[in-house]
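S.K.: dropping the sequence and predicted coords here.
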Amino acid sequence: MNSRNTLGILLHIRKDKLNKKKEAPIFLRVTVNGKRAEISTKQYVDPDKWNSDAGEIKGNKEEIKVKNQFLLRLKSKAHKIYQDLILENDAVTSAKIKEVFFDMQKPSRSLLDVFKIHNQTVKERVGIDYSSSTYRRYETTLDHVKNFIKYKYAKDDIYLSDLNYQFIEDLSHYFKTVRKCNHNTSVKYIKNLKKVIFLAIKREWLGKDPFIQFSVKLEETKRVYLSREELERVESKVFKIARLEQIRDFFIFSCYTGYPYSEIEKLIPRDVQTHFDGSKWIITSRTKNDIQSNVPLLAKAEEIIEKYKNHPDSIMRGKLFPIPSNVKYNAYLKEIADVCEIDKNLTTHVARHTFATTITLSNDVSIETVSAMLGHKSIRTTQIYAKVVEEKVSKEMNKLKEKLNK
């Protein structure tokens, strides 16, 4: 405690403010360095039953004991506020203690309520500046946080005022141990929560950021992509089942354009345009970040567009392709991997990585051009793929050195 400050905390009554029952209101008087601030306890008492020396109500009845305990807690709260302000090197005055006291008395919003407000906003803006997959990720995060609160606190919700560093740390531990999430998945969930907390702070529902001492950083992951030989194996495979042939075609389209499932699914015929150079391009903005992702059509991609432009499902839905749901798409890709003897988990992201590495960077397309086609905000994101290509070059050159040395 700072010796330069003098603190006095006193419970007293105001006989000049009697209510209709002739009861006096009880006030908490906080005095710092001789300056007072009066805080209402919202409690009343018969003046004859007030012990001014002890600062409590006279009597031994249970209801009187409960009231006296409540008043004692208010004194303790005021004293703790004083100590916290000293520790934070804040200017300590009686008015400041009163201000913090009333802020603490205000009803706090709950974490899950704020999460729902945030997610509803995202939902209403799907197709504008959010994608449906982003909304689903926030809903999944909400479910995880809800389950964590039940698991850790045996409660249905938690107040924003109860959030602290320990909550974030325990949640991160929960993702990795109970939910068995890998590091990057855990970080992504934590970052989703951080955006919700930021909303609460911006709207002044939360005074302090529980993330202030918590750092979250994604670990660099290995980008899985198809080699030229693997890609040709998938391209040349003859499928007897029509649905597998279709999914293979859409996957190959991704490999030659860099478009993920979410972008292919929403492509419409007018997105294919004859551009300034007289060749056909796909002209779109990415749903994820509203950055233009214009890609000149390579021959293989153009062939696939021609193949499906008159498909009944494409025409009925007004889309470029008769593509199924994301769940079915990924399930069929697993079948294709098995049939083509590809020992990799085929996903739309593998196709995107293949476009960045095998199709473009490995064929001397500049990193700036690849970055523009992938719709990256920063070229640093694209440099991950360049590093993959360099590692491949290094491995192959080392093999060559070994051969030459022999």
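M.R.: Nice, I can see it.

S.K.: tell me the mean pLDDT for stretch 37-57?
M.R.: Within the predicted structure, the mean pLDDT of stretch 37-57 is 92.

S.K.: how distant is it from the center of its chain?
M.R.: Relative to the centre of its chain, stretch 37-57 is centred 49 Å away, using CA atoms, centre = their mean, to the nearest Å.

S.K.: got the end-to-end distance for it?
M.R.: Across stretch 37-57, the straight-line distance between its terminal residues is 22 Å, by CA to CA, to the nearest Å.

S.K.: next one: stretch 28-40
M.R.: With CA to CA as the measure, the ends of stretch 28-40 fall 6 Å from one another.

S.K.: now swap in stretch 119-138 and tell me
M.R.: Its start and end residues considered, stretch 119-138 measures 6 Å (CA to CA).

S.K.: any buried residues in that stretch, and which?
M.R.: For stretch 119-138, burial by neighbour count (16 or more other CB atoms under 10 Å) applies to 119, 122, 130-132, 134-135, 138. No exception for glycine: its C-beta is placed from N, CA and C like everyone else's.

S.K.: of those residues, which belong to helices?
M.R.: Filtering those for membership in helices, criterion DSSP state H, returns 119, 122, 132, 134-135, 138.

S.K.: hang on, the earlier thing: identify the farthest-apart pair in the buried residues of stretch 119-138.
M.R.: The distance between the two most remote of those (CB to CB) is 13.8 Å, for 119 and 131.

S.K.: thinking again about what came up before, quick one: which of the ones in helices among the buried residues of stretch 119-138 is nearest residue 243?
M.R.: If you rank these by distance to residue 243 using CB to CB, residue 132 comes first, at 23.1 Å.

S.K.: give the contact list for the nearest residue to that closest one once chain neighbours are set aside.
M.R.: Distances taken as CB to CB, 6 or more residues apart in numbering put residue 126 closest to residue 132, at 5.1 Å, once the chain neighbours are dropped. Each residue near residue 126 by CB atoms under 8 Å, 6 or more residues apart in numbering is listed here: 132, 134-135.

S.K.: just those: which has the poorest pLDDT?
M.R.: For the contacts of residue 126, the minimum pLDDT belongs to residue 132; the value there is 82.

S.K.: pick out the residue nearest the middle of the protein.
M.R.: When the chain is reduced to its mean C-alpha position, the nearest residue by CA atoms, centre = their mean turns out to be residue 192, at 1.0 Å.

S.K.: domains for this structure, by residue range?
M.R.: Following automatic domain parsing, the chain resolves into domains at 7-105, 111-202, 228-403.

S.K.: what would the ones you listed look like in TSV with distance to residue 214?
M.R.: Output for the domains of the chain, formatted as TSV (distance: least, CB to CB, whole Å):
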stretch	distance to residue 214
domain 7-105	19
domain 111-202	5
domain 228-403	24
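
S.K.: so which of these is nearest residue 217?
M.R.: Residue 217 lies closest, by CB to CB, to one member of these: domain 111-202, at 7.0 Å.

S.K.: so how far does the closest one reach from one end to the other?
M.R.: Start and end residues of domain 111-202 are separated by 14 Å (CA to CA).

S.K.: and for stretch 318-336?
M.R.: 27 Å.

S.K.: for that stretch, buried residues please.
M.R.: By neighbour count, with 16+ other CB under 10 Å as the criterion, the buried positions of stretch 318-336 are 319-321, 323-324, 326, 329, 332-333, 335-336.

S.K.: and stretch 173-185, by the same measure?
M.R.: When neighbours are counted by 16+ other CB under 10 Å, the buried residues of stretch 173-185 are found to be 174-175, 181.

S.K.: which one of these is nearest residue 52?
M.R.: Closest to residue 52, out of all of the buried residues of stretch 173-185 and judged by CB to CB, is residue 174, at 51.4 Å.

S.K.: shouldn't residue 383 be in contact with residue 367?
M.R.: Yes: Residue 383 is within contact range of residue 367, at 6.7 Å (criterion: CB atoms under 8 Å).

S.K.: make CSV from the ones in helices among the buried residues of stretch 119-138 and add distance to residue 361 to it.
M.R.: Converted to CSV, those look like this (distance: CB to CB, whole Å):
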residue, distance to residue 361
119, 37
122, 34
132, 30
134, 28
135, 32
138, 33
